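1. coordinates only, no sequence provided:
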């Protein structure tokens with residue numbers, strides 16, 4: 001009986017608590033004049049910052065998404081430009097190869113009256129450190145049928161020199177026409193005036209063994225005579241820049257070669 005009574009009292013307290021809570025909720029919602037209710041103010045105070053935070057979050061998210069899309073677009077554009085650049089590089093290499101081929105054919109056609117059995121295009125890989133007017137080294141050798149005493153010309157068909165030893169499998173040494181050890185059978189173009197072109201180890205060469213009785217002057221063009229059995233006839237060598245009569249039998253003649261050693265990036269080795 002006592003337990004039943006305690007349980008009824010406990011249920012009564014709980015019911016009373018619920019009634020009081022309802023009364024409080026109803027009372028705080030009753031508007032006081034024209035103002036908002038306490039409940040409305042509470043809800044506004046609680047959810048307004050949350051709403052603002054939500055809108056800021058949406059705005060930030062939208063900004064991040066836009067930046068991501070922009071970066072993605074930039075990345076794709078970058079990729080496209082890199083691919084186009086690569087294509088242009090390959091196209092440029094192809095054009096350079098065609099230009100080299102045209103220059104090669106032009107050089108061979110300009111090399112006098114000779115019919116060559118062939119030629120090898122070679123790249124300069126070194127210059128004589130003691131004197132740049134003496135020798136150069138090229139990247140072709142025995143594997144490319146390079147032999148001693150083969151004529152070497154530039155892309156304008158001008159005489160550069162000849163191959164000398166040592167000759168390796170993949171490299172060769174070229175003695176320049178300006179070398180002190182060089183000797184080239186030469187003649188004045190369109191005249192039967194024959195001499196030997198010797199190097200001086202500088203920008204100019206000397207045309208030797210031209211007798212004083214011969215009439216010639218500056219700006220005469222010098223070419224190979226073909227009498228040395230090394231250099232084919234008719235290859236352009238250079239132009240006379242100085243002529244002096246001497247007390248000896250022969251003139252003193254200076255010749256400026258046409259080839260420019262600083263520009264000898266590539267040369268042609270001629271096969272007779």
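-> Thanks, I have it. Since the model is a prediction, treat every value here as computed from it, not as a measurement. Numbering: from 1, shown residues only.

2. can you pull out the strands in this protein?
-> 118-127, 135-138, 151-153, 159-167, 172-176, 183-188, 194-199, 205-208, 221-224, 236-244, 252-257, 266-271 (DSSP state E).

3. mind putting these in CSV, distance to residue 92 included?
-> C-beta: built from backbone N, CA, C; applies to glycine. As requested, the strands of the chain are exported to CSV (distance: least, CB to CB, whole Å):
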stretch, distance to residue 92
strand 118-127, 18
strand 135-138, 24
strand 151-153, 26
strand 159-167, 27
strand 172-176, 29
strand 183-188, 37
strand 194-199, 37
strand 205-208, 37
strand 221-224, 36
strand 236-244, 31
strand 252-257, 31
strand 266-271, 17
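
4. I'd like these written out as JSON lines, with mean neighbour count and distance to residue 67 added.
-> Formatted as JSON lines, the strands of the chain follow (neighbours: other CB atoms under 10 Å; distance: least, CB to CB, whole Å):
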{"stretch": "strand 118-127", "mean neighbour count": "16", "distance to residue 67": "50"}
{"stretch": "strand 135-138", "mean neighbour count": "22", "distance to residue 67": "56"}
{"stretch": "strand 151-153", "mean neighbour count": "25", "distance to residue 67": "61"}
{"stretch": "strand 159-167", "mean neighbour count": "20", "distance to residue 67": "61"}
{"stretch": "strand 172-176", "mean neighbour count": "24", "distance to residue 67": "60"}
{"stretch": "strand 183-188", "mean neighbour count": "22", "distance to residue 67": "71"}
{"stretch": "strand 194-199", "mean neighbour count": "21", "distance to residue 67": "69"}
{"stretch": "strand 205-208", "mean neighbour count": "22", "distance to residue 67": "69"}
{"stretch": "strand 221-224", "mean neighbour count": "22", "distance to residue 67": "70"}
{"stretch": "strand 236-244", "mean neighbour count": "18", "distance to residue 67": "65"}
{"stretch": "strand 252-257", "mean neighbour count": "20", "distance to residue 67": "64"}
{"stretch": "strand 266-271", "mean neighbour count": "20", "distance to residue 67": "51"}
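
5. mind putting the ones you listed into TSV with mean pLDDT?
-> As requested, the strands of the chain are exported to TSV (pLDDT from 0 to 100):
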stretch	mean pLDDT
strand 118-127	89
strand 135-138	95
strand 151-153	93
strand 159-167	95
strand 172-176	96
strand 183-188	95
strand 194-199	95
strand 205-208	96
strand 221-224	94
strand 236-244	94
strand 252-257	96
strand 266-271	89
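
6. so which of those is nearest residue 63?
-> In terms of CB to CB, the element of the strands of the chain nearest to residue 63 is strand 118-127, at 55.9 Å.

7. who's in contact with that closest one?
-> 100, 104, 108, 135-140, 144-146, 171-172, 261, 264-271 (CB atoms under 8 Å, 6 or more residues apart in numbering).

8. burial measure for residue 263, as a count.
-> Residue 263 has 11 neighbouring residues, counting by other CB atoms under 10 Å.

9. can you tell me how far the closest residue in space to residue 144 that isn't next to it in sequence is from residue 260?
-> Leaving out its chain neighbours, the residue that sits closest to residue 144 by CB to CB, 6 or more residues apart in numbering is residue 120, at 5.0 Å. With distances taken as CB to CB, to the nearest Å, residue 120 is found 21 Å from residue 260.

10. for residue 75, same thing?
-> Counting by CB to CB, the separation of residue 75 from residue 260 is 47 Å.

11. now residue 164
-> 21 Å.

12. what do you get for residue 159?
-> Residue 159 is 12 Å from residue 260, where distance means CB to CB.
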